[in-house]
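Peer 1: Structure here, sequence nowhere to be found:
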């Protein structure tokens, strides 16, 4: 839009966040139907783009992509996002009407595509694409990362029904009122083998200017009467000086909102100096991502954290009054029963330290990750319908083992046991939390 193109957005969730369409016993879609989406795409559009972030959605997203492609065969049709970036060739094979996949960041890419359509020039000269060229897929030059994040235009919230999200309290974090999503940074400097971030972003972490970030938050408070901010960053807190500057900026402006990191973060920059500032600036919930309580597994998955350092950070956050949740995964390909039991013991110790909540999950090989690539090479992944559906690692009623030493059923039992021993020990160590849980319920 800033480059002179007319833009419209079909936000399938935001248009009807209360509507649920059930797909079998477990899955349901939130928002308007696929046929409604098709009817809302402008008939005079020259270019249609679709986003796909999470690979476990592919079994339901793919039919929609093909429906759009079939109805609008005379239009240019592209796709982008984490899933499409991870497996572009598979997506192009399964969706024959897609003209190209945009890899990684798409802000500059989509503008160049729109300009190419206007000038009737080749897409093969546009960096960051996998283009369908007759019967071949051609990968163009790699696009450089966006470095000057503060020059990217603010989200065009006027093009989506943002107030429906705010009124429905739709967010990925703990419900603390009218909540806006925001990004303070892009990328992650680490290379965990279970994560697709290196494929999507590379390994450079770039933060926005703290003052400009606070300007955006202040604007949302005034314009949308928000109560809270959810930071959707991969790893928001990497650099201590940056988070200290951000907190001090919020405090000096006396901004009245709470904020949280629902996606998970590391602990290196969160110490006894930082946690009081986090709380004073409005931080009330932190998700940490130790992933495992086994030092051997942490080395295996290249997590590069020290559990002792993370435990110290937990204590500081709890002492400051921040609600702490930790993310744990079990069932990595080379994990053993001993590793899992070590992790379960770690849960009890973290419960004693004061951690409030845990999110347990069984490992799923995510497209774009190093482990995924290894399993594909070994012939252990078949990209059929079942594979995509089994990527939902938060399903506590099902597990699929890619582990050489532990069965699917055993991983499921371990997952349940992890929740049981964490919360049981939590209530034993701190009985007051029984009352708080009942009050919350």
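Peer 2: On my side now, so go ahead. Here the structure is a predicted model, which means the values were calculated and not measured.
Peer 1: I'd say residue 264 and residue 285 touch.
Peer 2: No - contact between residue 264 and residue 285 fails when scored by Cβ atoms under 8 Å: they sit 11.5 Å apart. Every C-beta, even on glycine, is put in place using the N, C-alpha and C of the backbone.
Peer 1: Describe which strands the helix or strand of the chain with the lowest mean pLDDT pairs with in its sheet and in which direction.
Peer 2: Lowest mean confidence among the helices and strands of the chain (mean pLDDT, DSSP states H and E): strand 27-30, at a mean of 85. With DSSP bridges as the test, strand 27-30 is paired with strand 20-23 (antiparallel).
Peer 1: which residues sit against the strand it pairs with?
Peer 2: For strand 20-23, the surrounding residues in contact (Cβ atoms under 8 Å, 6 or more residues apart in numbering) are 28, 29, 30, 33, 60.
Peer 1: Can you tell me which of those are buried?
Peer 2: Buried members of the contacts of strand 20-23, scored by 16 or more other Cβ atoms under 10 Å, are 29, 60.
Peer 1: Return the member of the contacts of strand 20-23 nearest to residue 348.
Peer 2: Distance to residue 348 across these (Cβ to Cβ) is lowest for residue 28, with 35.1 Å.
Peer 1: Who is the closest one paired with across the strands?
Peer 2: residue 22.
Peer 1: again, but for residue 80
Peer 2: Note on residue 80: beta-bridge partners residue 51, residue 102, judged by DSSP bridges.
Peer 1: Quick check, pLDDT for it.
Peer 2: With respect to pLDDT, residue 80 has a value of 97.
Peer 1: just residue 385 next, same as before
Peer 2: We have a pLDDT of 86 for residue 385.
Peer 1: Same question for the one 10 residues further on.
Peer 2: For residue 395, the pLDDT comes out at 78.
Peer 1: How about the secondary structure of it?
Peer 2: Put simply, residue 395 is coil when judged by DSSP: H, G, I helix; E, B strand; the rest coil.
Peer 1: Quickly note the distance from it to residue 319.
Peer 2: With the distance defined as Cβ to Cβ, to the nearest Å, residue 395 ends up 35 Å from residue 319.
Peer 1: higher neighbour count, these two?
Peer 2: Using other Cβ atoms under 10 Å as the criterion, residue 395 and residue 319 rank with residue 395 on top: 19 against 13.
Peer 1: wait, doesn't that one sit right on residue 26?
Peer 2: Yes - the criterion here is Cβ under 8 Å, and residue 395 meets it with residue 26 at 7.2 Å.
Peer 1: Could you list the low-pLDDT ranges of the stretch 251-400 of the chain?
Peer 2: Along the stretch 251-400 of the chain, the parts satisfying pLDDT under 70 run over 393.
Peer 1: where do the helices sit along it?
Peer 2: Secondary structure of the stretch 251-400 of the chain by DSSP state H, counting those that start in this stretch: the helices cover 275-280, 295-300, 307-320, 337-353, 370-377, 385-389.
Peer 1: do the stretch 1-150 of the chain as well
Peer 2: Here the stretch 1-150 of the chain has its helices, by DSSP H, counting those that start in this stretch, at 34-40, 58-71, 82-86, 88-94, 107-119.
Peer 1: out of those helices, which comes closest to residue 245?
Peer 2: Minimum separation from residue 245 across the helices of the stretch 1-150 of the chain (Cβ to Cβ) falls at helix 107-119, 25.2 Å.
Peer 1: What residues sit buried inside that closest one?
Peer 2: Buried residues in helix 107-119, counted by 16+ other Cβ under 10 Å: 108, 109, 110, 111, 112, 113, 114, 116.
Peer 1: list the contacts for the last one?
Peer 2: Read that as residue 116. The contact partners of residue 116, by Cβ under 8 Å, 6+ apart, come to 122, 123, 125, 126.
Peer 1: Scan those residues and report the most crowded one.
Peer 2: residue 126 (22 neighbours).
Peer 1: Contacts only, for it.
Peer 2: Applying Cβ under 8 Å, 6+ apart to residue 126 gives the contacts 109, 112, 113, 116, 140.
Peer 1: from those, which is closest to residue 225?
Peer 2: Once Cβ to Cβ is applied, the member of the contacts of residue 126 that ends up nearest residue 225 is residue 109, at 34.7 Å.
Peer 1: Enumerate every residue touching the closest one.
Peer 2: Contacts for residue 109 were tallied using Cβ under 8 Å, 6+ apart; they are 80, 102, 103, 126, 127, 128, 129, 143.
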